[in-house]
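[1] What follows is a predicted structure for the sequence shown.
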Amino acid sequence: MAQPESTYPSTFSEWNAAFLSYENVISSNSDELKLEATIKLGGQLHRAPKHLLLLTVPILVRILEDLPGASGPLQEAAACCLKRVICDNEDHELATLVCEPRTVASLVSILSRSDGRCQKYLIKCLWGAACNALGVISSHVDFIRPVAEAGVIPLYAELLRGTEQLGWEIAEDVFCVLAVVEANAVEIVQHLVRILREDNAEARAAAADVLWDLSSYKHSISVIHNSGAIPILVQLLGDQNTDVRENVSGAIAQLSYRGVNRSALADAGAIPCLIEMLQDESEELRDNAGESLMNFAEDPIHHERLSEAFAMPAFQNMQERMVHIRAADHHMVRSLRHMSIEQLTRDPVLD
């Protein structure tokens, strides 16, 4: 959005006067004046004092919440300003304000009613909020539980139901951090299972992708098993959408490393589906299916059920690849064991 030339306040009192002037304009009934003032604000935000940025965020959110239908110029200008506040600042206090569930809830709600550039700005706002949230949480692990208890998990689950890939990535990043706490993982997986049952193929693919990530968490494996997700995942191996099948097969491959999950997968009918996938056109599907079947083949309980797969070239290729990968991993471990502490910590630049 093009910004008109503006002179910047230079003193504390001038900035306060400028903010009060903006606040008065926003309280008026003139959309034209509101738009002009908001555009001017956008050009001054990068120099504004922090205390005024903290006061500005709620005003911008209120402008967006008043969105009647399709987003207009005023809402677009407000979204642009909000994006600049959220994405161009790394201040801890601003990050905390932006990550408040009330703010996130408003942004998610407004996103579904916006369009055009306004919608793109809001997606970037949510991305910035997520990055700030992850930064705050990563810096202070004690924040994970309060953040979840404040109700953000359902809000980010809504992003998975959206149509924007960036929204899915935002939710995935947040969920992967929050799921470090087992109680959060339980709630997250419950939302993902509900989405997997819905008609939205893109949302199903996004939810399966998050489950794929969470399947690598030690405590999340039992959480996923107990959630009833496994029969749904097996059913979705036959989904018409390739992205759904690829992400679901990836999650199943990860889950198949645990015996209790292999039994649940076999009981749900996964093995015949995975054998059939060895002939799929998608290389990723073939690889994921082959990885799962390798885990079943090495399990005495399920070995005999894979007789059909043993003669298939795709399965034989996967066996050879897994042998090479495991041999390389074993060699790396042995090499590291023989390296001295001095070798591991030596800086080659200083040699």
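    That came through fine.
[2] C-alpha from now on. contacts and neighbour counts both.
    OK.
[3] do you know how far Ala105 is from Thr38?
    Ala105 is 23 Å from Thr38, where distance means C-alpha to C-alpha, to the nearest Å.
[4] between these two, who's got more neighbours?
    Using other C-alpha atoms under 10 Å, the more surrounded residue of Ala105 and Thr38 is Thr38, with 24 against 18.
[5] buried ones in the one helix or strand the more buried one maps to?
    Take DSSP states H and E as the rule and Thr38 turns out to sit in helix 31-44. Counting neighbours by 16 or more other C-alpha atoms under 10 Å, one finds that the buried residues in helix 31-44 are 34-35, 37-44.
[6] and what of stretch 151-161?
    Residues of stretch 151-161 classed as buried by neighbour count (16+ other C-alpha under 10 Å): 152-153, 155-161.
[7] With pLDDT and distance to Leu237 added, can I get those in a markdown table?
    Converted to a markdown table, the buried residues of stretch 151-161 look like this (pLDDT from 0 to 100; distance: C-alpha to C-alpha, whole Å):
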| residue | pLDDT | distance to Leu237 |
| --- | --- | --- |
| Val152 | 73 | 30 |
| Ile153 | 83 | 27 |
| Leu155 | 77 | 28 |
| Tyr156 | 82 | 25 |
| Ala157 | 88 | 22 |
| Glu158 | 85 | 24 |
| Leu159 | 82 | 24 |
| Leu160 | 86 | 20 |
| Arg161 | 86 | 20 |
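[8] from those, which two are the most distant?
    Within the buried residues of stretch 151-161, two members stand farthest from each other by C-alpha to C-alpha: Val152 and Arg161, at 14.9 Å.
[9] my read: Leu178 touches Val186, true?
    No. Leu178 lies out of contact with Val186 (C-alpha atoms under 8 Å); the separation is 10.5 Å.
[10] who's more crowded, these two?
    Neighbour count, other C-alpha under 10 Å: between Leu178 and Val186, Leu178 has more, with 25 against 19.
[11] Please, where are all the helices along the stretch 151-300 of the chain?
    For the stretch 151-300 of the chain, helices defined by DSSP state H, counting those that start in this stretch occupy the ranges 152-160, 165-178, 182-196, 201-214, 218-226, 229-236, 242-255, 259-267, 270-277, 283-297.
[12] Kindly export the fourth one (C-alpha atoms) in PDB.
    When you say that, I think you mean helix 201-214. Backbone C-alpha positions of helix 201-214 (Å, rounded to 0.1, in the frame of the first residue of the first chain) are rendered in PDB as follows:
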ATOM      1  CA  ALA A 201      -9.900 -32.600   1.700                       C
ATOM      2  CA  GLU A 202      -7.300 -29.800   2.200                       C
ATOM      3  CA  ALA A 203      -8.100 -29.700   5.900                       C
ATOM      4  CA  ARG A 204      -7.700 -33.500   6.100                       C
ATOM      5  CA  ALA A 205      -4.300 -33.300   4.400                       C
ATOM      6  CA  ALA A 206      -3.200 -30.600   6.800                       C
ATOM      7  CA  ALA A 207      -4.400 -32.500   9.900                       C
ATOM      8  CA  ALA A 208      -2.700 -35.600   8.700                       C
ATOM      9  CA  ASP A 209       0.500 -33.700   8.100                       C
ATOM     10  CA  VAL A 210       0.500 -32.500  11.800                       C
ATOM     11  CA  LEU A 211      -0.200 -36.000  13.000                       C
ATOM     12  CA  TRP A 212       2.800 -37.100  10.900                       C
ATOM     13  CA  ASP A 213       4.900 -34.600  12.900                       C
ATOM     14  CA  LEU A 214       3.500 -35.500  16.200                       C
END
